[in-house]
Structures are given as structure tokens and as C-alpha cells.
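Undergrad: Below are the sequence and a predicted model for it; my questions follow.
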Amino acid sequence: MTLQRKIFGLVLLLLLALALTLPFTVSNYMLRVCNMTMITYMCVVSLFVIFGMAGQISFAQAGFWGVGAYISAILTVKLHVSALVALLASGLGTAAFAAILGLALFRLHGHYFGFATIGVVMILNGLFQNWKPVTGGADGIANIPPFAIGSLEFASETSLFYLIAVAVIIISIATYVIYRSSLGRAFMAIRDNEIAAKCMGVNCYQTKVIAFAISGLYCGIAGSLFAFVSSYISATSFTFMQSSLYLVMLMLGGYHSLPGPIVGTALLMMLPEWFRFLQEYILLIYGLGVMLLMVVMPDGLIGGGKQALESYRNKRKGVANVAQK
Amino acid sequence: MVLQLIIASLAMGIVYGLVAMGFVLIWRAVGVVNFAQGDLLMAGAYVAFTLTELEGLPMPVALVACAAIMALVGVVFHFLTYWPLRKSWDMTVIISTIGASIALKEIATLVWGPAPLSVEPIIPGIARFASVSIEWQFLVTIVIAAALMGMIFYLLEKTYIGNILQATAQDQYAAELIGIPVVVATSMTFAISALITGIGGMLISPIFFVSTTMGGSPGLKAFAAVIIGGFGSVPGAIIGGIVVGVIDTFSGAYISSTYRDAIVFLCLILALLVRPQGIFGEKISDKV
Amino acid sequence: MSPKNNPVMVLEKVCKRFGGVVAADDVSFELEPGQIRGLIGPNGSGKSTTLNLISGICDVEPGIILLDGEDITKKAIHERARMGIARTFQHPRLLSRCDIKTNLFLGHDLGNMRRASGASQEIDQSVDELLDVAGLKIGMDDSIKTLSYGQQKLLEIIRAILTKPKVFLLDEPAAGINTREMDRIRALIAIAIRNKAAVLLVEHSMDLVMSLCDIITVLNFGCVIAEGVPAEIQGNEAVIEAYLGRRRHA
């Protein structure tokens, strides 16, 4: 097991090193796709926290992503706040927003909470679309200045790549720490059996709100970075459909473990790029592919892969046992 | 003015009610929320467009043909999204319906092109009753939708087929034990669901343009209607649909036309917080 | 009757109604540290309801439950758990999608929380010792689904012991398990007793109850119909009647 862990760690490091050299090996366009993939990954991880770990299905994530983006855009464009402060404000502001929302909505249980979050993303989208004095209405907010720390400006795709990569790594590590902590166990206890969780001293209501707030934090940071990367935001990005895509990515990758969101996001963001030659059929194949994958691997790619590995091992064990006899 | 609004909101509401019924039938039969319900509405609108505008079929024929085609679409939908996953966790079916939603939109784009299409009203023009003038399309919508609802109600409550469908919805295993072919029952439920939703699409297509994204908003509003009415209740779906139609139309007219969607969903959240089980309360328990 | 030194938990005239059905009617008893009280009775006599009332899954109406002299009747389930009420379920409620380690750690987390607030000390046994007593030779990273029903029940008991409970409620631990596992359960309950827990054991296996319990409470139709040491209960007319029905006197 430990050897496996070491190999896994080594592979992870190698992949990470490979990923960090991407700006030197791929085109500017692909780098932009990578940046968007990483931003999407953060939102998918946020869904991993609230749904994968805590078992509360949420369609609000794209709305939170939008809240983060608008906070940063408004602060930098209209109030000329420095970008770093805006980033932090987006993260914390969205987390606070999610927490308040959670306090109200977690009075609902199970499916009903999920239904309410559909309402949340629709209302937020309506606000983004129509609240002209604040969000710019349908015109959105343009001319968002590039991200900068002091005089260090992140204007090129390459510099943005590293900036987002840092955020992605921090969020991944933070999520791993949570996953291994008592808080993460409380999340998973709620997911698997709420009564058992309560009997083990977990304050379910409060813990769900915390999970929702953490997911809001991630989405807020992702939204802020999205605003800086695209320099223009409008309501069309922050939709119910986007939220359901996050869900699809998480489920396809596997909602059981942290590699799931990585695999799911990378797959669904990159495949359309690689299969660009299919042109107008790509989205159709995408949709049908999602349906097919659910049939073949209902636990997602990571879950399905693990199962395949386990059954292979058991087979080998069986063979070994027979050989011993 | 108010009377016109009432008729308009009833027309929209009854269409939401149809789609909501589609949601509820599938939910009751297989315990799954179908996220492609709005896209079935879109499919119905496109089919209706082809039948009336391209083929030039007379109205009653087109209506029956559209119903038949949509029933078939429902059966295909059932075998692609639900049947292979029937033994699996309900989340996987939900994801599968999201995939189907994407696929349906793309099929529509490939077949009919990305540009929105316009459809002639079933009966064009405006009806005048004394001082009020009402578009005939609204009245036709209400009449056809109400008749369809009545038929479905009769089918479910009074006929042998309805008993089979309800028995299967309550307990698939038990239904199988007493010799009901479950696959026939569930695919039939999907067929009925797609049929009424598709006719809903046909009815609103002259009011809006026919486009690949036209299912999004009515689909979600119908979903709101399901929750407001009470999850799993057919009368609840209809009442919920009309409630949503009224909120939608009147908030659009009196409060703000831009925020009408947001207001509908705000009402949804408030309704959830005040009475989660909906008007015709039937509390769904979480599957452990 | 046993001497009443210092009860950790007191139930005073606890009642519960489900619609018109009375599930618990003026149930009163006390639990003492290091003592096992058996709670028996025919099916539907209110045993599980009583456990649910103590752990907080059902609301008491009316009646009072005291833990260390403090009224916990209105406290939420998790608050009671943090105060030291642990329980197992008739059908084990483990985290089905997690590995064994996570399940055990969940008990440890609550133990840590209780220690941090000064409510308890470290238990004397390590997880490995407990697993050894339970005869569970399992990989910590294995999925819960790899365990047999009996093993799951043992694991759930260990998880509860790790919280170092003051009051330990066991709901039919012996149902559906084999005799070897029954012995393991005995050993685990003995450990809980050594850790000064007050044990309330709901059980149908008379074997286990009569051999293990210091004192027994018998319920029928939600009422306490008898209380006493095993020998007294075995000869009690009312108890025999409740189980076998009224004997016809010719």
C-alpha cells in the first residue's frame, strides 16, 4: 500500500511538473482553454465539497461563480479597488452569501434543498441580467483591469496560467485537508446517514451551512479569476445549465474522491477541443456520451476504474489462492 | 386589461401545468426528476412546426400526429435514459437526463437549424367579447390543454391501463410479481409524459418563437409548479402550473417584466420554506 | 432491587404517542455507571422507542430525561451525543460509502470533542485492541460493503465505545449474528462497562439478557410491567403472561 502511495505521489508530481510547463508547449489558444478548465475545476471542486462530501445536491454553484465574478468586476471597475483585495472580497463575500443562504435553505431536507438551489441560480441570473445600475444589465461589465499584485501585472495568458494554477493547487490541498479532517468526516457522515451522523455528535444543520460556505468560497475565487481572465462578464455565463454541467463533470469523474473532479473537468472541457473536427456534431456526441458513460460507469471514471482494479486484484488473489492449494 | 391578463396567465399556466404533469408522471413512476422535460416541450414545438408549416397538415391532423410522434419520442427517451439505469442510483438517471437535454437541443439544431422559427397561431386573430379582446390562440390553448388533461386524468383514474401504470408506480417489484410487464408500463408513462409536454410545446409555439432553447424557461417554471403544487401530485401539478402562470404573467405586467422569472423562482423558494410539501402535500421521504 | 448509588441517567415518567398509539407510557428507570440494564418486552412494546427518546430521535411528550442531573429532554440529538449518549442501531447505520477507517475516526472525533470540553478522558483501549477483541481482522482502507452483517454490528459498537460514552444504548446487538460474534459482543460490552459506561441493552435473545444484565426492565404496550434482577424476571407472572399470553385457568 505504501509503495502504491509513493508511486501515486510520484505520478502526481510528474503530472504537476508537466502541467506547469504547459505554457511553453501549447498555443496561446490552448492555454486559454486550460485557464478556463482550471477555473471550471474550482467550481466542480466546490460541488465536490457540498455534494460529493456532504451529499447536498446544489445547482447554485454557477450563481455563486457569478456572484464572485460580479464582486470583483464591480470593485475593480467602479470602485477602483486593487485586484488582490477584490479577489479576497469575492471569495469571502461569496462564502458569506452562501452561508446566509444556507442558514435559510438548510431548513429544507434532501431533494427539497436541491430544488431550492435551482431557484437560487435562476434568481441570481435574473439579477445579473436585469439589475442595470449594479450589474450592468444585459450589457454586463467590460474593461475589467488585469489582475495585479502591486506593480506585478498578470496580463498575458501565461502569467494568468500560473496565477490560476496557484489558486487551483491551494484549493486542491485545502480540500484534501478537509477530506481527511473531522470536518470532512462530518460531511460524509451527513451524506451517508444523517441520523447516524447526529448520534455521533454532528450538528448537521451547522455542518451543512459550513460546507455550503466553503463551496461558496471556492466559487467566489473562481468567479473573481474568471472576471480577470476574460476582462468582460455578462449574465449569459452564470446559468442553471452551467450548474448542471458542473454536476455532470463531477458525476462523470467520480464524486467519491478528489481525483474525480480533476478527471471529470479535464475530460469534458478538453474533449470538445480535441474533437473539434467533428464540428457541429460535437455537442450531440457530448450529450450522448454523458448518457452512455452513466450506463457503463455509474460511479464515474475514477469510481469505475477503482472497481475494475479491485475486481482484477481479487481475481489475481483468487488465482494465487488456488495455486497455493 | 385584467381579464385579458387572466386569460393569458391561464393559457400559460395550463401549459406549465401540462409540462408539470409530465414531470410528476415520471417522478411517480420511477422516482426520477427529468431535467430534459423542457427539451421535450421544445421537441414538440419543432415537430408541430414541421407538421403545420412544412407539411401543411390541417390542424386536427397535425395535433394527433404530433401527439403520436411525441409518444414515440417518449418511448425512445425512456429506453435511452432510464431503462439501462433503472437499477442504479437515481443521481445517475438525473445526469443521464441532463445529457439527453444537451443531445435533444443539438438534434434540433442539426435538423432545423439554429435560427428561431415562427409558427402561425392555430386560430389567428383576436376574439372580441364586448369591450375585451383576447387572442384566439390563448383560448385554443386553454381548451386543448384542458381537454388533454381531462383525457389523461380519465386514463389514469378510470381505465385498466391507468391501474397498471399506478400499480407499477407504487411498487415495481410487486407489480412484476402479479404479472405486469414493468417495461411496458414505464415506457408508456414516459410516452404519456412526452406526449403532453410536446403538445404543450405545440400550443405555446405560436406565442413564442420556436428555438432550441425555448424549453429552458418553461421547463424550469413547470418544475416550480410541481414543487408549489406538491411533489408527486397530479392535481397539484395542474394547480401549481396555473399558480405559476398567474405569478408569471401578473408580475410581468405589474411589477417588472424583466424580473418575472426571478419573481417566479423567489415565490418557489418562499413556498418551499413555508410549505415544503406543496399545496397537495405529499411529503417525499429521502431514500436511505 | 439493586442499591441506587449514583444514577447517571434518570427517566421520569417518559411518554410518547404516535397518533393514537401509545408507544411509551410513563416509563421510568435509572441507569448507573458500570451497570447493564436490560430492556425487554414483546415486539412493539416500546423498547426501540425508548432508545429513540433517550438519544433524541423522537421527542418526549411529556416526561423528563436527566443526564448527570441535567434535563436533556429538549436537547437535540447531536447535543446529547456530545454529552455522552452513544447508541447502536438494530440495523447498523455505518457510513456506507466510506472506508472502515473513516467510520472509526467518526467515533474518535466525537471522543476528541468530548475530551476537549473536559467531559471525558481517553479510553483505556486502543482501536487495535478493540478490533482484536471484536475479532475483526480487516483492512482499514476496505469499504464497509466488504463486511458481513455481524461484522458491521461489531464495528458500530466499537465506534460507539471510542466516544467513551456515559450512557451506551444498544438496540438488539445480537439479532442476526452467529454465536461466535455473540461472544465478541459480550466482550465489547464488558469493555464499555470497564470504561464506566451505563449500558441499556434492548435485546430479544434471553440468553444474552439473562446472563449479562444486572437488572432488567420489562415493557409491554409502552408500560413498565416488571423490574428486577434476572432471576426475579424469569419467575415473574406478568412477564410470562406478556410473552406467552394469558394462561387460561380451567
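TA: Done, it's in. Numbering: from 1, shown residues only, chains lettered A, B, ... in the order given.

Undergrad: Report the central residue of chain C.
TA: Taking CA atoms, centre = their mean, the centroid of chain C lies closest to C:L169, which sits 1.8 Å from it.

Undergrad: Not counting sequence-adjacent ones, nearest residue to that one?
TA: Using CB to CB, 6 or more residues apart in numbering or on different chains and skipping the chain neighbours, the partner closest in space to C:L169 is C:R87 (3.8 Å). Where you see a C-beta, it was placed from the backbone N, CA and C, and this is true even at glycine.

Undergrad: hmm, back to that, next helix or strand past the helix or strand hosting the residue nearest to the centre of chain C?
TA: C:L169 belongs to strand C:167-171 when assigned by DSSP states H and E. Using DSSP H and E, the helix or strand that follows strand C:167-171 towards the C-terminus is helix C:179-194.

Undergrad: rewinding a little: these two touch, right, the residue nearest to the centre of chain C and C:S48?
TA: No - taking contacts as CB atoms under 8 Å, C:L169 lies outside contact range of C:S48: 10.0 Å.

Undergrad: Which neighbours do the two have in common?
TA: Residues touching both C:L169 and C:S48 (CB atoms under 8 Å, 6 or more residues apart in numbering or on different chains): C:V202.

Undergrad: To what extent is residue 38 buried, counted in neighbours?
TA: I'll assume chain A. 25 (other CB atoms under 10 Å in any protein chain shown).

Undergrad: look at chain C instead
TA: Neighbours of C:G38 using other CB under 10 Å come to 24.

Undergrad: how about the helix or strand encompassing it as CSV, C-alpha atoms only?
TA: C:G38 is located in strand C:36-40, with elements delineated by DSSP H and E. The C-alpha atoms that make up strand C:36-40 are tabulated as CSV, following Å, rounded to 0.1, in the frame of the first residue of the first chain:
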residue,chain,number,x,y,z
ILE,C,36,-26.1,-3.1,32.4
ARG,C,37,-29.8,-2.7,32.4
GLY,C,38,-31.8,-4.9,30.0
LEU,C,39,-34.9,-3.6,28.3
ILE,C,40,-37.1,-6.4,27.1
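
Undergrad: Does anything pack onto the following helix or strand past that strand? Which helices or strands?
TA: Next in sequence after strand C:36-40, counting helices and strands by DSSP H and E, comes helix C:47-55. The contact analysis (3 or more CB pairs under 8 Å, 6 or more residues apart in numbering or on different chains; DSSP states H and E) places helix C:47-55 against strand C:9-18, strand C:21-31, strand C:36-40, helix C:77-83, strand C:85-87, strand C:167-171, strand C:198-202.

Undergrad: same thing but at 6 Å, please
TA: Judged by 3 or more CB pairs under 6 Å, 6 or more residues apart in numbering or on different chains; DSSP states H and E, the packing partners of helix C:47-55 are strand C:9-18, strand C:21-31, strand C:167-171.

Undergrad: Next up, phi/psi of residue 131, please.
TA: Here I'm looking at chain A. Backbone torsions for A:W131, taken as degrees, to the nearest 10, come to phi -80, psi 70.

Undergrad: Can you look at chain C instead?
TA: Per degrees, to the nearest 10, the backbone of C:L131 is at phi -60, psi -40.

Undergrad: about what we covered before: can you list the helices and strands packed on helix C:47-55 in CSV and add mean pLDDT?
TA: Below are these laid out as CSV (pLDDT from 0 to 100):
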stretch, mean pLDDT
strand C:9-18, 88
strand C:21-31, 87
strand C:167-171, 93
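
Undergrad: C:A226 and C:I36, how far apart?
TA: 17 Å (CB to CB, to the nearest Å).

Undergrad: Same check on B:Q4?
TA: Distance, B:Q4 to C:I36, by CB to CB: 76 Å.

Undergrad: related to what we said a few turns ago, what are the pairing partners of the strand holding C:G38, and which direction each?
TA: Strand C:36-40 sits in its sheet next to strand C:198-202 (parallel), strand C:215-220 (parallel), going by DSSP bridges.

Undergrad: secondary structure class for B:R128?
TA: Under DSSP: H, G, I helix; E, B strand; the rest coil, B:R128 falls in the strand class.

Undergrad: I'd like the next helix or strand past the helix or strand harbouring A:G9.
TA: Assessed by DSSP H and E, A:G9 sits inside helix A:2-20. Scanning forward in sequence from helix A:2-20 by DSSP H and E, the next helix or strand is helix A:22-25.

Undergrad: contact partners of that following helix?
TA: A:L31, A:T158, A:F161 (CB atoms under 6 Å, 6 or more residues apart in numbering or on different chains).

Undergrad: do the same with stretch B:119-136
TA: Applying CB under 6 Å, 6+ apart, the contact partners of stretch B:119-136 are B:L3, B:Q4, B:I7, B:F49, B:M59, B:Q137, B:V140, B:S205, B:P206, B:V210.

Undergrad: what's the closest of those residues to A:K6?
TA: B:V210 (59.0 Å; CB to CB).
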